[in-house]
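*Asks:* quick one: sequence plus predicted model below, questions after.
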Amino acid sequence: MDPGLIKQINQRVQEELLKKEIEVVQYGLNELERLMEKRHQDLASLQVDLRGLIQKFQNRLKILKTSRIS
């Protein structure tokens, strides 16, 4: 293959990976900001919301790991 083409493809892949990483971090940040804005009555209610967020991320990670393209 042409080295220029390989470099171009690699650059596109890196740009796409960066774009996806930005989306993931932005989503996580938005979720955390949403929790911060919520007025929790006590520590227990904050912990419940944090556990829910953790569970959401764990479920998504599990789906991504099982649906990898081979």
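*Replies:* Yep, it's here.

*Asks:* does residue 25 belong to a helix or a strand, and which?
*Replies:* For residue 25, the host element (DSSP states H and E) is helix 3-37.

*Asks:* so which bits of that helix are buried?
*Replies:* The neighbour-count check on helix 3-37 (16 or more other Cβ atoms under 10 Å) flags nothing as buried. Heads up, the C-betas are built off the backbone N, CA and C, glycines and all.

*Asks:* how far is it from where the chain is centred?
*Replies:* 9 Å (Cα atoms, centre = their mean, to the nearest Å).

*Asks:* repeat for stretch 47-57
*Replies:* Relative to the mean C-alpha coordinate of its chain, stretch 47-57 is positioned 14 Å out (Cα atoms, centre = their mean).

*Asks:* now that stretch: average pLDDT?
*Replies:* Averaging pLDDT along stretch 47-57 yields 94.

*Asks:* the chain should start at 653 in everything you say after this.
*Replies:* Understood, numbering begins at 653; the last thing we discussed is stretch 699-709.

*Asks:* what comes up buried for that stretch?
*Replies:* Judged by neighbour count using 16+ other Cβ under 10 Å, stretch 699-709 contains no buried positions.
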